[in-house]
Every structure is written in C-alpha cells, then in structure tokens.
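Participant: got a predicted structure plus its sequence, pasted below:
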Amino acid sequence: MIRRAVLADYPELLQVYAAARTIMQQSGNPTQWGDSKPEPEQIAADIQNGNGYVVEREGRICGAFALLFGADPTYSVIDGAWQSDRPYATLHRVASNGMQKGVLHECLAYCDTRISNLRIDTHENNRIMQHLLQKEGFVRCGTIWLLNGDPRIAYQRER
C-alpha cells in the first residue's frame, strides 16, 4: 500500500533512510547520501508539503519517496536530451529498508496512476538504482547537475 506520509511516520522514515544509506554504502555508493542525506529537515518538508509518500506492507513502512509535480529546476539543463518536454513529475529520495523486495516497482506503479511522464536521477555509483530503472523501462537521457554542482545520471519514462 502506498499513501502520503504523515508526521507520525517521521521516526520510521528516519529508520528507512538510515537503512537505505547503509545499503548504498555497502553496495559501492558511499557518497550519494553519505551519512546524513536526505536531511531530516528535507524529510519533514516532504511530509508538510504533501510530497512525501510511504510504501507500507503489513502495517510497517518499508519504503519512502518524494513525488513532485512540475518543472524541476535541476532538470532545466541536461547534457543529453529528454525524451520530451511534456509535463512531468520527478521522483526523489526513493528508499527502501532492504527488508522487502519490489519497493521501487510498487512506487512506480503508484506514480503511473498519477502521471504518465516521470523523471528521476541517480548517482553514477548507484548501480542498483541504474539497473532497476532500466528494468522498469526508464531511458537514460544524459547528465544533469544538482544545485550544488554534483552531476547525476538523468532518466525519463513516458507511458
């Protein structure tokens, strides 16, 4: 089940993101989120802005993500080319506690009920996410840069 996150979910969300950081570090991606990303303030802002979602199984949160509608400023410049310039939503801060399989698939199935054009980016060392995105039908479009200047691999999927 996927639902919007509420403030009562905050402690469990912190645990999900901590587990995701550990998984990332153990799989050769120690710098994308390091020891502190996403920041607790960002997680709280996602909840307050209505952009934060949780993946729940058997009454427990096993995954989380942010879904933002409208133009993402970090996607305005790309070394490469987007599939289209149609209105899109951006998926950010996708995380799993590692205890359940298929969290990204479930997340994307939910997003597909809301919009047919999705964009997402990931770190060059995040081989797990790159593999899963390609498996889910995303096309690698090029490189974008975060507001701090860090490069990310950009993907898009249109349905």
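Facilitator: Looks like it came in fine.
Participant: can you confirm Asp35 is in a helix?
Facilitator: No: counting by DSSP: H, G, I helix; E, B strand; the rest coil, Asp35 falls outside a helix, being coil.
Participant: how about it, nearest residue that isn't a chain neighbour?
Facilitator: Arg21 (6.7 Å; CB to CB, 6 or more residues apart in numbering). C-beta: built from backbone N, CA, C; applies to glycine.
Participant: Tyr155 now?
Facilitator: Nearest non-adjacent residue to Tyr155, counting by CB to CB, 6+ apart: Phe138, 4.0 Å away.
Participant: would you check that the one you found makes contact with Ala154?
Facilitator: No: checked against CB atoms under 8 Å, the pair Phe138 and Ala154 is beyond contact range at 9.6 Å.
Participant: what sits in contact with each of the two?
Facilitator: Contact criterion CB atoms under 8 Å, 6 or more residues apart in numbering; residues shared by Phe138 and Ala154: Ile120.
Participant: avg pLDDT for the longest helix along the chain?
Facilitator: Secondary structure assigned by DSSP state H gives helix 10-26 as the longest helix of the chain. Summarised as a single mean, pLDDT over helix 10-26 is 96.
Participant: other SSEs contacting that helix?
Facilitator: With contacts taken as 3 or more CB pairs under 8 Å, 6 or more residues apart in numbering; DSSP states H and E, helix 10-26 sits against helix 40-49, strand 52-57, strand 60-69, strand 89-96.
Participant: go again using 6 Å as the cut-off
Facilitator: strand 60-69, strand 89-96 (3 or more CB pairs under 6 Å, 6 or more residues apart in numbering; DSSP states H and E).
Participant: show residues contacting the shortest one.
Facilitator: With contact meaning CB atoms under 6 Å, 6 or more residues apart in numbering, strand 89-96 is reached by 16-17, 20, 38, 63-69, 72, 103, 115, 118-120.
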